[in-house]
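Participant: Sharing a sequence plus its predicted fold:
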Amino acid sequence: MYIDENDDRPQLVLIGGSNGSGKTTLAAVVEEDTGIEYLGADRIAASLDPAEHHNIDAAAGRIFIERLRGILAAETSVIIESTLAGTTLRKYLVEAKERGYKITILYIFLETVELSLFRIEVRVRSGGHNVPENLVRERYLKSRINFWKTYRQLADNWELIYNSPNEDSPIPYMQYIATMELTESEVEPVEIVSIKDRNLFEGFLDSFGGNL
């Protein structure tokens, strides 16, 4: 769904979700499938020399924004990722929309914040980057709320993805549980929402008091 080969607009694919949800894994898949450049702060941070930067994360964040501005100015397609725990990216999505981009949001969520923490712990043991527990807990619901109440409103289409084990699948895999696509009408675009797993979808909304 994230790319329509018949759509010649530049594409901005935003992959959102809490820390440890699987954003970078999905970004790599989308990058390979589409050939669109992936711009990620974590990838930038991994390329920086700690000896040259007092705060690697802050430096990577600045470089990420600088590169994103350049990409939008050139009106080329890009894949980005974010926890969406803040609203900083909103103005760049607004700019992208004004420049004629098609905006797709792929939002991944986990069943519990404890699962986020566990996945981060596994990642660290494998040599990946850590995120302090207090930040993970602080961002967990903020991420969902901002996706639903702020970023979703700017998307041409979005997909809600569940990435946790359940009764049907003890091994986690990415389940697409709901999608939205804007379709043209005589008056204004209309949101067409398709719910593939109502229980998971309603559980997601109930976790922060959201509604469709």
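Facilitator: Perfect, I can see it now. Numbers count the residues shown, from 1 in each chain.
Participant: which residues touch residue 105?
Facilitator: 13-16, 147, 151-152, 155, 157-159 (Cβ atoms under 8 Å, 6 or more residues apart in numbering). Just so you know, the C-beta spots here come from the backbone N, C-alpha and C atoms, and that holds for glycine as well.
Participant: As JSON lines, those with pLDDT and secondary structure would be great.
Facilitator: JSON lines is the format used below for the contacts of residue 105 (pLDDT from 0 to 100; DSSP: H, G, I helix; E, B strand; the rest coil):
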{"residue": "13", "pLDDT": "97", "secondary structure": "strand"}
{"residue": "14", "pLDDT": "97", "secondary structure": "strand"}
{"residue": "15", "pLDDT": "96", "secondary structure": "strand"}
{"residue": "16", "pLDDT": "96", "secondary structure": "strand"}
{"residue": "147", "pLDDT": "97", "secondary structure": "helix"}
{"residue": "151", "pLDDT": "97", "secondary structure": "helix"}
{"residue": "152", "pLDDT": "95", "secondary structure": "helix"}
{"residue": "155", "pLDDT": "95", "secondary structure": "coil"}
{"residue": "157", "pLDDT": "94", "secondary structure": "strand"}
{"residue": "158", "pLDDT": "95", "secondary structure": "strand"}
{"residue": "159", "pLDDT": "95", "secondary structure": "strand"}
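Participant: between those residues, which is nearest residue 91?
Facilitator: Sorting the contacts of residue 105 by how near they are to residue 91, with Cβ to Cβ, puts residue 151 at the top with 11.6 Å.
Participant: What are the neighbouring residues in contact with that closest one?
Facilitator: Contacts of residue 151 by Cβ under 8 Å, 6+ apart are 14, 16, 84, 89-90, 93, 105.
Participant: how about a cut-off of 10 Å?
Facilitator: Shown in contact with residue 151 (Cβ atoms under 10 Å, 6 or more residues apart in numbering): 14, 16, 82, 84, 87, 89-90, 93, 103, 105, 107, 143, 158.
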